[in-house]
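Colleague: Sequence and predicted model, in that order:
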Amino acid sequence: MTARVCAGYDEAVAGTADGATVLVGGFGMAGMPVELVDALIRQGAADLTIVSNNAGNGDTGLAALLATGRVRKVICSFPRQSDSWVFDGLYRAGRIELEVVPQGNLAERMRAAGAGIGAFYSPTAVGTPLAEGKEVREIDGRSYLLEYPIHGDLALIKAHTADRMGNLVYRRTARNFGPVMATAARTVAVQVDRVVETGALDPEAVVTPSIYVDRIVAATQESAA
Amino acid sequence: MTARVCAGYDEAVAGTADGATVLVGGFGMAGMPVELVDALIRQGAADLTIVSNNAGNGDTGLAALLATGRVRKVICSFPRQSDSWVFDGLYRAGRIELEVVPQGNLAERMRAAGAGIGAFYSPTAVGTPLAEGKEVREIDGRSYLLEYPIHGDLALIKAHTADRMGNLVYRRTARNFGPVMATAARTVAVQVDRVVETGALDPEAVVTPSIYVDRIVAATQESAA
Amino acid sequence: MSTDHRADRRSKHDIAAAIARDIAAEHPDGSYVNLGIGQPTLVADHLPAGSGVVLHTENGMLNMGPAAHGDDVDPDLINAGKVAVTELPGAAYFHQADSFAMMRGGHLDVCVLGAFQVSARGDLANWHTGAPEAVPAVGGAMDLAIGARRVWVMMTLFDKQGAPKLVPECTYPLTGLACVERVYTDLGTFAVGPDGVRLLDVHGITAQDLVRRLAPIEVRIDAAVTDEARAARR
Amino acid sequence: MSTDHRADRRSKHDIAAAIARDIAAEHPDGSYVNLGIGQPTLVADHLPAGSGVVLHTENGMLNMGPAAHGDDVDPDLINAGKVAVTELPGAAYFHQADSFAMMRGGHLDVCVLGAFQVSARGDLANWHTGAPEAVPAVGGAMDLAIGARRVWVMMTLFDKQGAPKLVPECTYPLTGLACVERVYTDLGTFAVGPDGVRLLDVHGITAQDLVRRLAPIEVRIDAAVTDEARAARR
């Protein structure tokens, strides 16, 4: 179904169930959908699994969500940062589960979810502690680990511009996980700087086609409301 | 290594060895690199394996290459077309080997080659004659077939515009297999309508980044020479 | 003879157009749809104006418009049947791996395919006659069959020899297992799947007669299309 | 104390800069290079002008420019270390799956990584100290280790306790198996791999002395860097 332009952030995250797996875009703060995450905090869903590259920076966005205690598990590649004190505290207190996934596997596992791939043999992490419990297979003289898709119930991502149908373009390295997560979740909510009329984006330059997008919120629209 | 702008089509296919696997872009004639294929005919490499969606149309391009008798095997999704008489004749005479691959597996197997994936479980063709000899695996209650990457020694593709470094943009549905094949071959030769200065393409709209491109030939440059 | 032949073709086209109309009426507003090569492309002509249905073509485009004519023909803009088409506002282009990821990842709401045969549980045979001299060619059929959320088939119910194409088990080589959900034909519309065959609609024949002609397949008749229900509505 | 501390840091920086210079000199014109987070990013400062080296940053960009300052800082344009950077002409942006496909598919000519330890056959340990209280965080390190065609390590040769970081077997948790090809250090440059360790260059120490300090690792000395060869050149 083509996307719906929502009146505000709360509408974009409405209906998130307890126990949901939520994919959260961004690499550090670039592409982080802070306002959608804030809306998810207000929405109140608990027992969440969060899939994101990092585990929150400072005290806002993802870090603020973690601080509510409503996140059961984080799947990410790089939780430890200079300003990841919220996650660090929860982790050391044993109050949050962590699955560390190499960044390439994290991206590829979500891509697989979006592409209908059942599983794939990845060259990354062979012979390392992160290979524990994974099936190893030799193919053409090289060893690979079997990796499974990561599906989301909800994806929260940030893009630069959307058209009313839901086509998206991003800005510079803020693109990062957005296009991949948009393919991997049942419901995809996107916050953008602005929404333009359908037909205003160059069809050759669309990065996320409308088919992947369900709900759109525009920053400018929000502030005007 | 950044790409080299070649003086002509012959330079772009120089050094192709007998027995090479050549990925040839295009869906029908859209995106078909006719001039590069013609240069490959002149170059003379034999015992080739050709990977392409179709097996030639009419008497030019890929069909002309097949007619030379220097193609041992074709890997494609849809050889039979109203104007595929060259291939049909060779096939019926038992003079060419054919591996029919569902179009989605064809694209995904080349993507896997380009992405370093050892193999992947595909949902396509389960229970059909094209599943014969393939490993079946049940994952989360659904059956999948194990599919292996298709690597090329050479890719011949057509794009719309290249910058001098090798960044590419395509035109409409002529994009088709070009960006995937560009990732999957050791040497990638691209024919384009024009070459522009580095910096003239929008970095947000580049479809094939320069890292994948080795040799560029421009149509306009060729006709001016 | 040539006149007869043309008449045959026109009538075939009329039949296909009628089926296409039935299917077009079923697409919900804003759904993403792939129309298979050949007759299924006719469905596009019968979509109501402003339906908001977005067409996917597996060679790399969303929001494809109608066939191109005259100056609008662009060899770089074709559909999966290699016919020149147009672009609608909100279109997007992508490469083959992305296009099939979209399809195989279950993002298309519906695809409409032609068929040689469909089995009672929804197996599809539409890519190969099995004739030994035929050049095998599958294209995107197997990917579409398992990729779209709902796979609808559009076909005449009987072949030229009068044999039903809705069968207990396909005898032609399969395209996909248990993938078809609905079968739209000239004589009726059927649901197929794990619960077997159900007749949803009939055209120019009574439900009971149609079911009789489909033996040995067991067909349950939807309450709304029993001869009694239709008689009551008359 | 704070003065000592600053002096330490400056000297550490000087050491790193010297190693970075050595590495920068090795990148062939037009090669595609990923510089790991931390000290390896210094290599960029020592690339000769017009070297044609194209930098990849795994968060989704090719042809990254130097660090951004002042008005050039754009929060949407950062490198893998989350430092604001700039864009050079010919840049391209792509998403994470495409970026790691590029890396893991063997398209990068070289990546330069820091390390806790490297083994004689090229095993790399650079992501985790193994300390039980440390929060594990791997980022793209394991993908880079196996993805780039050539993996070069940049590190001091001895740790703060004076123990060599070039070891027979890594004792820290591994990042990748047999993936490192060269090790650039403050005291010398080494080739590592299936044939063991070879000393390619020395800095401020004789080859024989350096090899002695690395025991029990066996190091073959390249003909050009033996003490005799160096004496002859003097």
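Modeller: Great, that's in hand.
Colleague: Quick check: can you name the pairing partners of the helix or strand that contains A:L146 and their directions?
Modeller: In the assignment (DSSP states H and E), A:L146 maps to strand A:142-147. Strand pairing for strand A:142-147, using DSSP bridges, gives strand A:120-122 (antiparallel), strand A:136-139 (antiparallel).
Colleague: Residue 96 - nearest residue in space that isn't next to it in sequence?
Modeller: All of this is about chain A. Nearest residue to A:I96 in three dimensions, chain neighbours excluded: A:L90, at 4.2 Å (CB to CB, 6 or more residues apart in numbering or on different chains). C-beta coordinates here come from the backbone N, C-alpha and C atoms, glycine included.
Colleague: Chain C was what I was after
Modeller: B:A107 is the one closest to C:Q96 (CB to CB, 6+ apart), at 3.8 Å.
Colleague: now the farthest one out in chain A, which residue is it?
Modeller: For chain A, the residue at maximal distance from the C-alpha centroid (CA atoms, centre = their mean) is A:G141, at 34.5 Å.
Colleague: How about the backbone phi and psi for that residue?
Modeller: Backbone torsions for A:G141, taken as degrees, to the nearest 10, come to phi 80, psi 0.
Colleague: Could you do C:L35 as well?
Modeller: Dihedral angles for C:L35 - degrees, to the nearest 10 - are phi -110, psi 120.
Colleague: check contacts around it.
Modeller: C:L35 makes contact with C:41, C:43-44, C:55, C:111-112 under the criterion CB atoms under 8 Å, 6 or more residues apart in numbering or on different chains.
Colleague: picking that back up, buried deepest among the strands paired with strand A:142-147, which one?
Modeller: Of all the strands paired with strand A:142-147, strand A:120-122 carries the top mean neighbour count, a mean of 27, counting by mean count of other CB atoms under 10 Å in any protein chain shown.
Colleague: Report the rounded mean pLDDT for that strand.
Modeller: Strand A:120-122 carries an average pLDDT of 98.
Colleague: contacts for that strand?
Modeller: A:104-105, A:108, A:112, A:137, A:139, A:144-147, B:112, B:117-121, D:104.
Colleague: Try it again at 7 Å.
Modeller: Contact with strand A:120-122 is made by A:105, A:108, A:112, A:137, A:139, A:144-147, B:117-120, as judged by CB atoms under 7 Å, 6 or more residues apart in numbering or on different chains.
Colleague: Tell me the most packed of those, by neighbour count.
Modeller: With neighbours taken as other CB atoms under 10 Å in any protein chain shown, the top of those is A:E108, carrying 31 neighbours.
Colleague: Point out where chain C drops to low pLDDT.
Modeller: Residues of chain C meeting the criterion pLDDT under 70: C:1-10, C:234.
Colleague: if I look at the residue of it at minimum distance from chain A, how far off is A:T198?
Modeller: Relative to chain A, the nearest point of chain C is C:P89 (2.9 Å; CB to the nearest CB). Separation of C:P89 from A:T198 (CB to CB, to the nearest Å): 5 Å.
Colleague: of those two, who's got more company?
Modeller: More crowded of C:P89 and A:T198, by other CB under 10 Å: A:T198, with 19 against 15.
Colleague: does stretch C:36-55 come close to chain A?
Modeller: Yes - applying CB under 7 Å from any CB of the partner chain, one finds stretch C:36-55 in contact with chain A at C:52, C:54.
Colleague: May I see the buried residues of that stretch?
Modeller: Applying a neighbour-count criterion of 16 or more other CB atoms under 10 Å in any protein chain shown, one finds C:36-37, C:39-44, C:46-47, C:51, C:53-55 buried in stretch C:36-55.
Colleague: Noted, bye for now.
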